[in-house]
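**Q** With the input below, show me the fold.
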Amino acid sequence: MKTTEKNKKLVIILSIIIALTLGFIWIHSMMGQEESGEESGFVYRILCPFFEVFMGEGNVTEFFIRKLAHFTEFCALGIELMLYLNLLLKLSKPMKMVNAWVFGTMCALIDETIQIFSGRGPAIADVWLDSAGCFTGVLFGICVILIYERKKNKKNRTSDFE
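**A** Residues are numbered from 1 along each chain as shown. Coordinates of the predicted model:
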């Protein structure tokens, strides 16, 4: 398979994954306050025992779990965006990183705007948290890319000597 064919397939797959991730994030923002609270409570009851091992009994709150969810969702989005833009754009890696982070931050702004219309309390602090999660994901994504490229280059150099 040609590299361009492989890249086209990866771009399509990543496009679908990004769309699903944004759908997941934004659908949860459309939930009403009561429904969202019930879901947070359910997730809290599942994750609380795990986090209490590290944070101590009674130190894990629903607030912590909700904020961790914000950060984690946007971290995943940042990874996806970085991988996607690396395949799609002919820019330097730092510029790809900036583009991925800015796009993720715009998605966070949309996320909080959706909450205005769902009767929940949008918060600028959540945009900052989502943006930090996206930036962390972008950093993870660039690490994956650099490791992949290093392995690929090492393999190519080894095959040159054979």
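**Q** Output the below-cut-off pLDDT ranges for the chain.
**A** 1-3, 158-162 (pLDDT under 70).
**Q** now the helices: where do they sit in it?
**A** With DSSP state H, the ranges of helices along the chain come out as 3-30, 33-55, 62-88, 93-117, 124-160.
**Q** Who are the packing partners of the second one?
**A** It refers to helix 33-55. helix 62-88 (3 or more CB pairs under 8 Å, 6 or more residues apart in numbering; DSSP states H and E). (Each C-beta comes from the backbone N, C-alpha and C, glycine too.)
**Q** at 10 Å instead, please
**A** In terms of contacts (3 or more CB pairs under 10 Å, 6 or more residues apart in numbering; DSSP states H and E), helix 33-55 is packed against helix 3-30, helix 62-88.
**Q** For Pro49, which of those helices is the nearest?
**A** helix 62-88 (12.0 Å; CB to CB).
**Q** For the closest one, name the packing helices and strands.
**A** So helix 62-88, by 3+ CB pairs under 10 Å, 6+ apart, packs with helix 3-30, helix 33-55, helix 93-117, helix 124-160.
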